[in-house]
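S.K.: Give me the fold of what follows.
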Amino acid sequence: MTFPLYLNLLGHPLHPHFVLESLGYLTGFQLYRLTRSRFPRAHTTLEQTLIVLAGAIIGALFGSKLLAVLESFPEYWHARADPGVWFGGKTIVGGLLGGWAGVEIAKRAAHIPHSTGDAFAFPLILGMSVGRVGCFLTGLSDHTYGTPSNLPWSVDFGDGIPRHPTQLYDIIFLSFLAVALLIRLQKPLPNGRLFRLFLGSYLFWRFCVEFIKPTWKPWLGLSAIQAVSLLSTVFIFVPIIKSRTPDSPRTNLTVE
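M.R.: Purely as a prediction, here's the structure:
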């Protein structure tokens with residue numbers, strides 16, 4: 001396999017990252033549209049939904065870019081004279097946290113007192129998984145590969161060095177996480193808990209898997225993504241562990 005693996009559309013080569021990232025957004029939104037009615041406690045009006053989505057998009061763009069710069073600051077600084085470098089690059093972790101912050105700000109503006117995140121958990125898992133396929137097919141230029149490895153499933157992304165296919169590890173983890181959350185939904189959950197379980201679990205996974213990525217790690221041996229992921233995981237899970245409130249009515253998930 002040669003990386004990047006361009007996709008062919010009517011004789012026109014298309015970059016895999018653009019195609020799969022776009023497909024991830026589309027499939028995630030479609031799943032959200034099909035399943036949001038199964039999370040009535042996260043319900044919002046059409047106007048409120050648009051405000052929340054706008055907050056999520058703006059927050060995700062800002063957070064994704066900010067963490068990308070922190071994660072690879074030496075590279076950005078070395079090429080600081082090139083405006084194109086500063087506009088390129090983004091991170092899933094920054095996008096998730098920035099989007100979450102953007103939603104909370106938008107909810108205040110729209111006077112939404114309840115959590116709206118549960119309906120987004122499974123769409124985000126699907127969209128991220130599809131997008132990670134694009135990261136894998138892009139190869140070295142995507143900077144999401146792992147450290148050199150002699151494992152039988154290691155992948156040479158084009159530089160002659162077998163590496164951990166950490167993009168595929170992400171997909172496998174997200175698949176297991178989806179199953180675990182579906183099982184957890186068989187018991188009552190307070191509103192908003194599903195989203196927090198999804199986000200906290202994924203952030204802890206990213207903290208762990210980043211150890212086998214060749215990234216800049218200036219923060220006590222941690223990368224910026226690891227430091228942010230660890231702090232955010234604690235922030236998310238400590239209130240859950242301390243919580244002693246009775247469970248709310250059951251949230252069920254079915255697809256029409």
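
S.K.: The residue nearest the centre of the chain and P190: what is the separation?
M.R.: Against the mean C-alpha coordinate of the chain, by C-alpha atoms, centre = their mean, the closest residue is I92 at 4.2 Å. Distance, I92 to P190, by C-beta to C-beta, to the nearest Å: 26 Å. Every residue, glycine included, has its C-beta placed from N, CA and C.

S.K.: and if you look at G117?
M.R.: Relative to P190, G117 is positioned 12 Å away (C-beta to C-beta).

S.K.: just to revisit the earlier point, contact partners for the residue lying closest to the residue nearest to the centre of the chain once chain neighbours are set aside?
M.R.: Excluding the flanking residues, the one nearest I92 by C-beta to C-beta, 6 or more residues apart in numbering is M128, at 6.3 Å. Counting by C-beta atoms under 8 Å, 6 or more residues apart in numbering, M128 touches G24, G28, I92, D170, L174.

S.K.: So F73 sits against W216, correct?
M.R.: Yes: F73 lies in contact with W216 (C-beta atoms under 8 Å); the separation is 7.2 Å.

S.K.: So which of G117 and P190 has more stuff around it?
M.R.: With neighbours defined as other C-beta atoms under 10 Å, G117 and P190 compare such that G117 has more, 23 against 18.

S.K.: Quick check: that one vs S232, distance?
M.R.: Counting by C-beta to C-beta - G117 and S232 are separated by 14 Å.

S.K.: can you check F198 too?
M.R.: Distance of F198 to S232, given as C-beta to C-beta: 13 Å.

S.K.: So between the two, which is more surrounded?
M.R.: Using other C-beta under 10 Å as the criterion, F198 and S232 rank with F198 on top: 24 against 21.

S.K.: Over to that one: give its phi and psi.
M.R.: F198 has phi and psi values of phi -60, psi -50 when expressed as degrees, to the nearest 10.

S.K.: re earlier: okay, among the contacts of M128, which ones form the most distant pair?
M.R.: Farthest-apart pair in these is G28 and D170; separation 15.0 Å (C-beta to C-beta).

S.K.: just so I have it, where are all the helices in this protein?
M.R.: For the chain, the helices defined by DSSP state H occupy 16-35, 46-71, 73-78, 83-87, 92-110, 121-138, 166-184, 193-209, 224-242.

S.K.: For the closest residue to F211 other than its chain neighbours, report the pLDDT, please.
M.R.: With C-beta to C-beta, 6+ apart as the criterion, F211 has its nearest non-adjacent residue at 7.7 Å, and that residue is Q226. Per-residue pLDDT puts Q226 at 98.

S.K.: How about L9?
M.R.: L9 carries a pLDDT value of 85.

S.K.: what residues are up against it?
M.R.: L9 sits next to no residue when contact means C-beta under 8 Å, 6+ apart.

S.K.: mind checking how far it is from M1?
M.R.: From L9 across to M1, the span is 19 Å (C-beta to C-beta).

S.K.: Now do the phi/psi pair for W216.
M.R.: phi -70, psi 120.

S.K.: And it, how far from P239?
M.R.: Distance of W216 to P239, computed by C-beta to C-beta: 31 Å.

S.K.: ok, those two, which is more surrounded?
M.R.: Remark: of W216 and P239, W216 carries more neighbours, 13 against 10, as counted by other C-beta under 10 Å.

S.K.: Go ahead and confirm that one touches E71.
M.R.: Yes: if you go by C-beta under 8 Å, W216 and E71 touch, sitting 7.0 Å apart.

S.K.: Show me the common contact partners of these two, please.
M.R.: What both W216 and E71 touch, as defined by C-beta under 8 Å, 6+ apart, is the set S223, A224.

S.K.: Would you enumerate the residues in contact with T44?
M.R.: V52, A110, I112, T116.

S.K.: per-residue confidence for the first one?
M.R.: To tie it back to what came earlier, the one meant is V52. As predicted, V52 sits at a pLDDT of 93.

S.K.: just to revisit the earlier point, tell me which of the helices of the chain sits most buried.
M.R.: Between the helices of the chain, helix 121-138 has the highest mean count of neighbours, a mean of 22, where neighbours are mean count of other C-beta atoms under 10 Å.
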